[in-house]
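Participant: Fold the following for me, if possible:
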Amino acid sequence: MKRLYWDLETFSPVPINNGTHIYAEQAEVLLFAYAVDEGPVKVWDLTIGTTPPVDLLEALNEADEHWGTNIGMFDRVVLKHALPNILKLMPLQKARDLMVKALSHGLPGSLASLCDIFKLSDDLAKDRRGKQLIQMFCKLQAKNSKLQRKTRETHPEDWADFIKYAASDITSVRALRTKVPSWNYEQNAAEMNLWFLDQRMNMAGIYVDTELAEKAIEAVDVAQAGLAERAMEATGGEVGAATQRDALLAHILRSYGVSLPDMRADTLERRLQDTSLPDGVRELIAIRLQASTSSVSKYKRLIKGVSSDGYLRGLTQFNGAARTGRDAHRLFQPGNMMRPTISQSDIEIGIDAIKAGCADLITDNVMELTSNTMRSVIIPPPGYKIVVSDLANIEGRVAAWVAGEHWKLQAFRDYDKGTGPDLYVKAYSEAFRVGLAEVTKKLRQIGKVMELMLAYGGGVGAFLTGAATYGIDLDELARTGRDAIPDSVWAEADNFWNWSVDTKRNTYGLSHDTFCVCDSIKRMWRASNSAISSVWAKLEGAARNAINEPGENFRVGHVTFHRDGNWLRCILPSGRALCYPSPRVNDEGQISYMGQNQYTRQWSRLTTYGGKLLENICQAMARDVMFYNMPRIEEERYSIRVRIHDELITYAPDGLLYGPKHLSKLLAAVPSWAPGLPLAAAGFEGYRYRKD
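Facilitator: This is a model prediction of the structure:
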């Protein structure tokens, strides 16, 4: 097999953080570095001549694979605009991306990080001077600089180093290709085909209502000015704007004697429920909550990234969530939009008002309105409609299937057939041992939080997070919920409270009764979900055994743990594996592995446990179910444009042949590797994206 390794160094007057596709529209290729197999690395300097070297053209035609790093999200995009004739010689089926290969196996995508992890020698490692050279030649210089652009002519010695740097990337990629595992990439044909589909999807993009985005920015600017005036009036001129956190905290303490720990939205929303809070503080908190809404930054980011044809592209990084293989979102962050706080009909009225420039006439909270209309910027092109479908409670279904929680699997099947109750009602009924008819709407919300937050070993803290998300008043729950809890369960929760206080463990600032109600709910949920609760220890035990006994298989239900050299693999039913590099078990039995810390972004040792392993498995399998069905969905002429968690946004031709019921049926098809897994999906169609 012949392999071509290649990499581009480019220049564009457009900042890369605006998005690769808008960057690429004005990009120039400066250097094209390449090598064939283990042959010498060569660099085509396009600032000297634009005729491709003969050996490069031969390699493009003859090579079986074209290897680079981040080529899907960057280099191929640039070639599309700057060197389209070269891209024609590089069919997608031959593309191989080291970054995606690394992400597929629990590794960081950065070339420099991979060089450090695999301890490449200095002659192979990514040139550490590269960042300086990129700043010099690939970007416009500062506006106050006499020389706006540095080139080969202005800095010939540095340019020579730049060419060496370009060549060093090739040597690094070539060395790393053999060091990064291939289980989830080249060796997995299905995954490769899914990556090709992902690339086509990212190149296609979503159509954007830029008028709505621009008018929303204008509305927010006006609203922010008004909120700043209100903040100044309410503080006697001491605070110039509600976004000035420290000044606002100091004023509230000095003027009202109220000490707030921070200005986090969840903190402020909780304090607003305190009826003893002075009216002046309540007003300032309300102003702050409005002023700190982040919608305007999303709109501005969207506007900067839209291509000249009105499409926003490059929104999802394949396998970007390295532990599970789910997508990571880029640029517009479509997976990080707030839940609607107003009705859809009010959102639609708001869109018209924003476009007409009179949003303030229909609402006192323009910031909230513009946050709610964020999804609405996604529209179809003429002649098409948006068709959306979302897998229903897919993680809960997978957790029950993996653990063998048979009553819950049957409950899902009954509900899907229309012969059984909603699962959140059923969950509350099972945990509290009450009849289904006794489960009110409020109690159903408790059942929902239980199901969404407790399946992975979470306790009071997890329930607290879910309660905040779904608007459950925990203090009211403490007052009204005690009678529904058996005395024996309450006694266990009370003992846990006392132990937590004695050992200075986190009680989350809750009162005794509120803490005990939350802990009791956790205990009752676990008792009614004994198979899921017991599978945590089984998974942890299997992982521990696999680490200690390399080469042996340890199976728990539908998954298998196996250690291959320096890798712990959890092999999923789909055949894909979750990968944990450099696994260890310490003297206390704690499992750890190397991974990227989600807070520091550093490569460091992380710990895991049974509940976390189940979470990884469920999220990974949810991803695999969706991805398994995507090729068939595309064959049926639904053009997939964005994947958001367990939801697909597609474009389909106008007409009756395409719709949410048909799409949902395709999305919820049970994979051949998951017999007995109950699946369901639902969605909507229309001419704007929304939260259904």
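Participant: how about low-confidence regions in the protein?
Facilitator: Scanning the chain for pLDDT under 70 picks out the ranges 122-128.
Participant: Nearest residue to the middle of it?
Facilitator: Ala328 (4.1 Å; CA atoms, centre = their mean).
Participant: Can you classify that one by secondary structure?
Facilitator: strand (DSSP: H, G, I helix; E, B strand; the rest coil).
Participant: So in terms of bridging, what pairs with it?
Facilitator: Gln317 (DSSP bridges).
Participant: Walk me through the domains of the chain.
Facilitator: Domain assignment for the chain by automatic domain parsing gives 3-180, 204-379, 406-528, 619-686.
Participant: Give me the outermost residue of the protein relative to its centroid.
Facilitator: Outermost in the chain, CA atoms, centre = their mean: Glu153 at 43.4 Å.
Participant: circling back: return the residues in contact with the residue nearest to the centre of the chain.
Facilitator: Going by CB atoms under 8 Å, 6 or more residues apart in numbering, Ala328 touches 316-317, 320-321. Where C-beta positions appear, they are placed from N, C-alpha and C, glycine not excepted.
Participant: how near is it to Ile303?
Facilitator: Distance, Ala328 to Ile303, by CB to CB, to the nearest Å: 22 Å.
Participant: Also Pro550?
Facilitator: The value you get for Pro550 to Ile303, if CB to CB is used, is 53 Å.
Participant: Looking at these two now, which is surrounded by more residues?
Facilitator: Ile303 (17 against 14; other CB atoms under 10 Å).
Participant: what's the nearest residue to the more buried one if we skip its chain neighbours?
Facilitator: The shortest distance from Ile303 to any non-neighbouring residue, by CB to CB, 6 or more residues apart in numbering, is to Ala213 (5.4 Å).
Participant: In terms of secondary structure, what does the helix or strand containing the one you found contact?
Facilitator: Element membership of Ala213, judged by DSSP states H and E, is helix 210-234. Taking 3 or more CB pairs under 8 Å, 6 or more residues apart in numbering; DSSP states H and E as contact, the helices and strands that helix 210-234 lies on are helix 279-291, helix 295-305, helix 344-356, helix 366-372.
Participant: who wins for proximity to Ile640 among those helices?
Facilitator: helix 295-305 (19.7 Å; CB to CB).
Participant: angle of the closest one against helix 210-234?
Facilitator: 150 degrees (axes from the mean of the first three to the mean of the last three CA atoms, to 10 degrees).
Participant: what does whichever helix or strand comes after helix 295-305 rub up against?
Facilitator: Later in the chain than helix 295-305, the nearest helix or strand by DSSP H and E is strand 311-312. In this structure, residues lying in contact with strand 311-312 by CB under 8 Å, 6+ apart are 19, 21, 204-208, 302, 305-306, 331-332.
Participant: Okay, now the sheet partners of strand 311-312, with direction.
Facilitator: strand 206-208 (antiparallel).
Participant: so how far is the strand it pairs with off the chain centroid?
Facilitator: Distance of strand 206-208 from its chain centroid, counting by CA atoms, centre = their mean, to the nearest Å, is 20 Å.
Participant: quick revisit: what about the residue farthest from the centre of the chain, distance to Pro334?
Facilitator: Counting by CB to CB - Glu153 and Pro334 are separated by 43 Å.
Participant: cool, and Gln244?
Facilitator: Distance of Gln244 to Pro334, computed by CB to CB: 31 Å.
Participant: related to what we said a few turns ago, wait, the residue nearest to Ile303 touches Tyr299, no?
Facilitator: Yes. With contact defined as CB atoms under 8 Å, Ala213 counts as touching Tyr299 (4.8 Å).
Participant: Pull up the overlap in contacts between the two.
Facilitator: In contact with both Ala213 and Tyr299: Val377, using CB under 8 Å, 6+ apart.
Participant: Please identify which of the two sits among more neighbours.
Facilitator: Tyr299 (26 against 23).
Participant: what's the neighbour count on the nearest residue to Asp473 once chain neighbours are set aside?
Facilitator: Once flanking residues are discounted, Asp473 sits nearest to Gln273: 7.3 Å by CB to CB, 6+ apart. Counted with other CB under 10 Å, residues neighbouring Gln273 total 10.
Participant: How about Asp587?
Facilitator: Neighbour number of Asp587 under other CB under 10 Å is 5.
Participant: Please name the residues that touch it.
Facilitator: Here Asp587 is in contact with no residues (criterion: CB under 8 Å, 6+ apart).
Participant: which one of the contacts of strand 311-312 has the most neighbours?
Facilitator: Going by other CB under 10 Å, His21 tops the contacts of strand 311-312 with 28 neighbours.
Participant: Apart from its neighbours in sequence, what residue is nearest it?
Facilitator: Arg313 (4.2 Å).
Participant: The one you found: what's it in contact with?
Facilitator: 19-21, 77, 202-206, 307.
Participant: how about the residues you listed in a markdown table, adding secondary structure and distance to Val281?
Facilitator: Putting the contacts of Arg313 into a markdown table (DSSP: H, G, I helix; E, B strand; the rest coil; distance: CB to CB, whole Å) gives the following:
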| residue | secondary structure | distance to Val281 |
| --- | --- | --- |
| Gly19 | coil | 41 |
| Thr20 | helix | 46 |
| His21 | helix | 46 |
| Val77 | helix | 50 |
| Asn202 | helix | 47 |
| Met203 | helix | 51 |
| Ala204 | helix | 50 |
| Gly205 | coil | 46 |
| Ile206 | strand | 42 |
| Ser307 | coil | 47 |
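Participant: for these, which one is nearest Glu229?
Facilitator: Gly19 (34.7 Å).
Participant: State the distance from the residue nearest to that closest one when sequence neighbours are not counted to Asn202.
Facilitator: Residue nearest to Gly19 in three dimensions, not counting chain neighbours: Gly305, with 3.5 Å by CB to CB, 6+ apart. Separation of Gly305 from Asn202 (CB to CB) stands at 13 Å.
Participant: Using the three-state scheme, assign Leu606.
Facilitator: Leu606 is classified as strand under three-state DSSP.
Participant: measure it to Val100 for me?
Facilitator: 22 Å.
Participant: And these two? Which one has more around it.
Facilitator: Each of Leu606 and Val100 has its neighbours counted (other CB under 10 Å); Val100 has more, 26 against 16.
Participant: so which helix or strand takes in the nearest residue to His155 once chain neighbours are set aside?
Facilitator: Among residues not flanking His155 along the chain, Met136 sits closest, at 6.8 Å (CB to CB, 6+ apart). Met136 is part of helix 130-137 when elements are defined by DSSP H and E.
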